[in-house]
Structures are given as structure tokens and as C-alpha cells.
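Trainee: Structure of the sequence below:
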Amino acid sequence: MTFGIHNIIGIHRLHNRQKDYSNPLIFKSYKQWSSWQQKLFDYFIWCHLDRAGEFIVTLFCWFCLFPLTFHQANQWHWQWVSKVFLFNIICEFVTYSFWHWMTHARQSPYPHGPLHEKKFNPMNP
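Mentor: Residues are numbered from 1 along each chain as shown. Predicted coordinates for the structure are as follows:
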């Protein structure tokens, strides 16, 4: 997949000119924690919550696509392979189209605001 919820929220906060655009969503006192508390939270809780979108897509695949293809998957056939391939292509198209819109598209307000100053190559729109 692509970057997690943390990155999307960070871009939105940066666009709204909030100072602490990298803080977790629910803890306003995160910057006041000791470094070991921040690391403990980052590595054991936030990294898993950050990937919640990917987990939801995985659950959707498990409950919707897997039952349709499992009984056919004992042999290689175009029928079940095409369903899995189509699911992956749709996930890729939706995810990367959204990320491109969020960080590069001319119609999006995000890449023309404060994010423009944070890019590696500011000449890239």
C-alpha cells in the first residue's frame, strides 16, 4: 500500500498551518512525554494504528474475495487469478490516485500550500 493515516493527517495539519502536524491524533501532550515513552508509544501502538487502512482492506479481501476464490485456487485458472488481479489493481488505482492527488495534483489545495516548501524538489508541482 502507501503511506499511512499518520502521513495523510500530517499533510492536512500542515496545510492548515498547525505547528504540531506530526503529533498523534489523540494525545495532545505527546511532546511532553519522555523520549522512552514516545518511543514505546511509536513502536508498540502508533505504528499499528497508522496502518489501519491497510488492515481494513485486508479484512475486506479476507471476507469477500477469499471465499469466492478459495475452492478454485487448488489449481491455476484464469477465473480465480483474474479476480485477485482485479482486486489488486483496483486497490492500487484507488490508493495511488488519492496519494498523487494529495501530494502532486494541480486541482488539490495541498501541494500548493505549506507542503510545497517541505518537498524534496519544490520545482515539481
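
Trainee: And the helices in the chain, which stretches?
Mentor: Under the criterion DSSP state H, helices of the chain are mapped to 5-15, 35-41, 47-50, 52-60, 66-69, 78-103, 115-118.

Trainee: Can you tell me which of the ones you listed is packed in deepest?
Mentor: helix 5-15 (a mean of 17; mean count of other CB atoms under 10 Å). Any C-beta I mention is one placed from the backbone N, CA and C, and that applies to glycine too.

Trainee: same question for that helix, mean pLDDT?
Mentor: The pLDDT scores in helix 5-15 average 75.

Trainee: Take the helices of the chain and write them to JSON lines, including distance to Ser29.
Mentor: Compiled in JSON lines, the helices of the chain are given as follows (distance: least, CB to CB, whole Å):
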{"stretch": "helix 5-15", "distance to Ser29": "17"}
{"stretch": "helix 35-41", "distance to Ser29": "10"}
{"stretch": "helix 47-50", "distance to Ser29": "17"}
{"stretch": "helix 52-60", "distance to Ser29": "22"}
{"stretch": "helix 66-69", "distance to Ser29": "42"}
{"stretch": "helix 78-103", "distance to Ser29": "28"}
{"stretch": "helix 115-118", "distance to Ser29": "25"}
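
Trainee: Where among the ones you listed is average confidence lowest?
Mentor: Comparing mean pLDDT across these, the weakest is helix 115-118, with a mean of 71.

Trainee: tell me what it is packed against?
Mentor: Counting contacts by 3 or more CB pairs under 8 Å, 6 or more residues apart in numbering; DSSP states H and E, helix 115-118 is packed against helix 5-15.

Trainee: and the helix it packs on, what does it pack onto?
Mentor: By 3+ CB pairs under 8 Å, 6+ apart, helix 5-15 packs against helix 47-50, helix 78-103, helix 115-118.

Trainee: Put together JSON lines for those helices, with distance to His71 on each row.
Mentor: Formatted as JSON lines, the helices and strands packed on helix 5-15 follow (distance: least, CB to CB, whole Å):
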{"stretch": "helix 47-50", "distance to His71": "32"}
{"stretch": "helix 78-103", "distance to His71": "9"}
{"stretch": "helix 115-118", "distance to His71": "47"}
